[in-house]
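Student: A predicted structure for the sequence below; I have some questions about it.
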Amino acid sequence: MVRVVPHRRKAGDPALRDRLFELLEHDHLPHTLGSRVVRLIAVVVILDVVAMALASVPELDARFGTVFTGIAIGAAAIFALEYAARLWTVAGHTPRKSSPLRDRIEYVFSSFGIIDLMAFLPAAVVLVAGRRSTLFVLGVLPFFKLVRYSPPMRSLFAAVYAERRTLVGCLAILASAVLVFASLLYAIERDVQPEKFGNIPEAMWWAIVTLGTVGYGDVVPVTPLGKIVTVVAIICGFAMIALPVAIISSAFADEVRRRDFVVTWGMLARVPLFANLSAVEIADIMRLLRARTIEQDEVLVRRGEPATSMYFIAAGEVEIELPNQHVRLSDGTFFGEIALLHRTKRSGTVTATRKTRLLLLDAQDFHALIERMPALAAHVRKTAKARLAESGDLATAELAQGEKEGEPRDE
């Protein structure tokens with residue numbers, strides 16, 4: 001008798017490495033394993049940061065010091081394993097084709113690679129050295145790992161990086177203003193307050209505080225001319241603060257719009273209905289679509305409601321409850337087009353079986369769209385006809401419901 005030994009994947013199996021890379025790098029819907037890994041790491045980060053913050057309180061550290069140390073050790077171990085996994089899986093997954101060694105070196109010296117390393121290495125060194133008090137200072141380092149998992153934080157950092165040259169220009173303007181006002185106050189107040197304005201570097205402290213609109217009050221001019229210059233400095237300070245804020249906020253808004261555009265484009269790419277459209281046509285459709293996310297067990301539409309939208313499932317799954325059956329639709333499918341084409345009411349109740357990302361097309365935009373795009377209209381009507389040909393299908397039920405309730409077919 002021949003014994004069959006099951007095949008075991010080796011540690012260097014490319015398929016295993018690719019799967020692990022997908023789990024670590026790609027953002028999935030909550031029902032996937034990858035999203036659970038992301039949530040686990042985020043929870044560990046938050047727990048570690050909170051524990052280190054609480055450990056700086058002597059009373060709490062005296063009572064729960066062992067717990068805080070255990071959390072720090074566990075978090076450092078998890079972050080180290082994650083770093084090793086990323087270092088292993090990054091080979092072969094860079095935009096340009098290069099050697100595995102080069103891919104790993106690029107990750108080590110990348111911004112995310114440095115953040116991943118600093119999340120555990122300093123803490124591990126401090127724990128091994130036994131200097132636990134220093135660990136409290138390092139507790140904030142793992143917090144920067146959340147940049148990887150938080151789209152808003154990534155967008156903010158991307159906005160700052162995109163406007164880095166403009167911001168450097170703002171810093172140069174601010175430095176010039178500090179130097180100018182410090183020199184003026186030095187010339188005006190040096191004889192009256194030599195201990196505070198005895199030289200330009202000392203006067204620069206006053207200029208920085210004044211232009212920053214902080215106004216500590218520890219250094220103030222006493223001469224009338226010095227007070228006038230201070231008023232001008234305060235007014236200029238408002239502009240100094242508003243300029244970088246306006247630049248960053250504008251860049252952040254642009255980055256969010258760009259990210260939403262990419263996300264919506266990716267969602268459209270999942271829908272086969274739009275597969276054969278040109279980039280211009282897809283961009284035209286994107287202006288009409290609205291993205292919506294519904295949670296598991298959330299009801300999207302109810303039976304008997306007027307049909308106001310057509311829905312495209314970008315990711316997830318919904319269940320349509322009909323009088324005689326239940327129909328499940330998942331990624332890439334669409335529904336609601338029959339009700340819009342024939343002006344009927346909803347024949348079924350649609351409920352999400354898991355968290356689902358949808359694209360909505362309003363009825364008015366739907367009719368305008370199929371008039372402008374004959375190919376798209378033909379595809380929709382072809383799909384509708386195919387559904388009508390299937391006995392007991394959702395489309396048949398919708399039309400039957402409309403005929404039963406006497407709803408008009410035409411405007």
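Tutor: Arrived safely, thanks for sending.

Student: what about this structure, any weak spots by pLDDT?
Tutor: Along the chain, segments meeting pLDDT under 70 span 1-14, 26-32, 34, 93-97, 132-136, 260-264, 266-276, 279, 383-411.

Student: swap the cut-off to 50 and go again
Tutor: Per-residue confidence of the chain (counting by pLDDT under 50) places the weak regions at 1-11, 391-411.

Student: how's it carved up into domains?
Tutor: What the record gives for the chain is the domain set 14-149, 164-259, 279-405, from automatic domain parsing.

Student: so where do the strands sit in the stretch 301-411 of the chain?
Tutor: 309-315, 317-321, 326-330, 334-335, 349-352, 356-362 (DSSP state E, counting those that start in this stretch).

Student: for stretch 33-44, the distance to its chain's centre please.
Tutor: Taking Cα atoms, centre = their mean, to the nearest Å, one finds the center of stretch 33-44 at 15 Å from the center of the full chain.

Student: report the buried residues of it.
Tutor: Along stretch 33-44, the positions that meet the burial threshold by neighbour count (16 or more other Cβ atoms under 10 Å) are 34-35, 37-38, 41, 44. Heads up, the C-betas are built off the backbone N, CA and C, glycines and all.

Student: now the residues you listed in a markdown table, with distance to Phe238 and secondary structure?
Tutor: Compiled in a markdown table, the buried residues of stretch 33-44 are given as follows (distance: Cβ to Cβ, whole Å; DSSP: H, G, I helix; E, B strand; the rest coil):
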| residue | distance to Phe238 | secondary structure |
| --- | --- | --- |
| Gly34 | 47 | helix |
| Ser35 | 44 | helix |
| Val37 | 46 | helix |
| Val38 | 42 | helix |
| Ile41 | 42 | helix |
| Val44 | 43 | helix |
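
Student: just those now: which is nearest Leu60?
Tutor: Taking Cβ to Cβ as the measure, Leu60 lies nearest Val44 of the buried residues of stretch 33-44, at 20.0 Å.

Student: in this structure that closest one contacts Ala76, no?
Tutor: No. In this structure Val44 lies outside contact range of Ala76 using Cβ atoms under 8 Å: 10.0 Å.

Student: ok, which stretches of the stretch 151-300 of the chain are helices?
Tutor: Under the criterion DSSP state H, counting those that start in this stretch, the stretch 151-300 of the chain contains helices at 151-162, 164-189, 194-197, 200-211, 224-269, 279-286.

Student: of all those, which one is nearest Phe312?
Tutor: Distances from Phe312 to each of the helices of the stretch 151-300 of the chain were compared by Cβ to Cβ, and the smallest falls on helix 224-269, at 7.8 Å.

Student: show me what that closest one is packed against.
Tutor: Helices and strands in packing contact with helix 224-269 are listed as helix 151-162, helix 164-189, helix 200-211, helix 279-286, strand 290-294, strand 309-315, strand 356-362; criterion 3 or more Cβ pairs under 8 Å, 6 or more residues apart in numbering; DSSP states H and E.

Student: would TSV of these with mean neighbour count be doable?
Tutor: Written out in TSV, the entries for those read as follows (neighbours: other Cβ atoms under 10 Å):
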stretch	mean neighbour count
helix 151-162	16
helix 164-189	16
helix 200-211	20
helix 279-286	14
strand 290-294	15
strand 309-315	22
strand 356-362	21
